[in-house]
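> give the three-dimensional model of this entry:
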Amino acid sequence: MIPMKKASLINGWLFLATIFSGLASLLYPVAHFFGTETAAWDQFRKGELVRKLEKHVDEVFVLREPSISLWADASFLFFHAGRPGVLVGEDDWLFTREEYYYDSLSEQRLTRNLNELALTVCALEQLGKQVLMVPVPAKRRLYVQRSNRAVSPGMDSLYQRITSYLGESGITWLDTLSLMQHAAAEDAVFMRTDTHWSPRGAEVVAAGVASRLSLPPAHHYQTREVAVGAYEGDLLRYLPTSNGVGPQRQEPLIRYETSAVDQTQDADALLGDNMPPVALVGTSYSAMDEWHFPGFLRQELGADVLVYALEAQGPFSAMHEFINSPAARDERVKYVIWEVPERALIQPMEPIVEVERHACMANDSDRAAEFAGVGSSGR
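Predicted structure coming up:
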């Protein structure tokens, strides 16, 4: 056994060695920067030198990646946790923190966003569109047994409050939670390491959309598997652990392709003026090729689909893009499917329509600010 005094001395020397090693490792990137940078003095006068030096050191610092991994390893092994933003569940399942916490600011944003949503649906109906809301439930709702975390009461009731509001406002919506809960008994409807649904989850919701719209099929589409590859979800960015530490990073992802089968070429198609009857507006759940939601919709609906979906920008940005496009005023586009993740409605988002230009909600302004009661299965 090492005496206490000697152990303290060893720890002191180890600490000093670590500090000097870190300083020594910085000498190369700093020297390399000043040896290769030809306009250092000019950048110094403009106040840009320090920022550029920091960026250069960050890129070539030899201990950067090992330090990040070491800290992530310790956080996971001792606390079963990652960086702020991710919550580690059971059996290597990861969840985003956004699905658990709700405060007074969330309440304000929800009220504002629901009111904006109703205004937008009203504006679309004035343009002659039939709107179907597709609220995407939180991942933890489908995998409560794997999340094992306390949930804020406001967050726990969020899906019900949103769908109750839709029903009270006379907005048609699809009960995606029930559909996905039924499918989850047999297949994973969300990716284990990602915030998004799996291709199976997207396929189930697409079938539900087709059942609700009941369009007469105009074309026949066929979806087939084209590859199965290893996928690493977006939540792993918050768990930069070393190999062998932390959750299993790779999970299988089936890639799909949807194509038209025996589709006749009418005059409009030949002239390049064929406008699909359905527009899909949404987020990365709709935009990312990995989930293949637009492809599943084409097959289930028997119709082509216009896609207005943006990654990492929220459902309002995509709707703003659509509602200001020529397609929103084209009579051939009759249906709008609006995919909205429930957690997005408590995030800050820019308005879509200008209230003073859309008086259609004037008589319902009081009702538009209310959302309470029992959820409905949609109308």
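
> send over the one helix or strand V134 maps to as PDB, restricted to the C-alpha atoms.
Using DSSP states H and E, V134 maps to strand 130-136. C-alpha atoms of strand 130-136 as PDB (Å, rounded to 0.1, in the frame of the first residue of the first chain):
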ATOM      1  CA  GLN A 130     -58.400  19.800 -47.900                       C
ATOM      2  CA  VAL A 131     -55.900  19.600 -45.000                       C
ATOM      3  CA  LEU A 132     -55.000  16.400 -43.000                       C
ATOM      4  CA  MET A 133     -52.800  17.000 -40.000                       C
ATOM      5  CA  VAL A 134     -50.400  14.200 -39.100                       C
ATOM      6  CA  PRO A 135     -49.000  14.800 -35.600                       C
ATOM      7  CA  VAL A 136     -46.000  12.600 -35.000                       C
END
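
> identify all contacting residues around the next helix-or-strand element following it.
Next helix or strand after strand 130-136 toward the C-terminus (DSSP H and E): helix 139-142. Residues outside helix 139-142 that contact it (Cβ atoms under 8 Å, 6 or more residues apart in numbering): 95-96, 99-100, 147, 149, 151, 159, 177, 180-181, 184, 189-190, 195. The C-beta positions use only the backbone N, C-alpha and C, and glycine is treated the same way.

> would you list the buried entries among those?
95-96, 99-100, 147, 151, 159, 177, 180, 184, 189-190, 195 (16 or more other Cβ atoms under 10 Å).

> give me the subset of the residues you listed lying in strands.
Residues of the buried ones among the contacts of helix 139-142 located in strands (DSSP state E): 95-96.

> and which of the buried ones among the contacts of helix 139-142 is nearest to G85?
Within the buried ones among the contacts of helix 139-142, the smallest distance to G85 is 6.7 Å, found for T96 (Cβ to Cβ).

> so in the protein, where's the weakest helix or strand by average pLDDT?
Least confident element among the helices and strands of the chain, by mean pLDDT, DSSP states H and E: helix 365-368 (a mean of 40).

> look up how far L158 lies from Y221.
34 Å (Cβ to Cβ, to the nearest Å).

> residues near Q160, how many?
17 (other Cβ atoms under 10 Å).

> can you pull the pLDDT of it?
We have a pLDDT of 97 for Q160.
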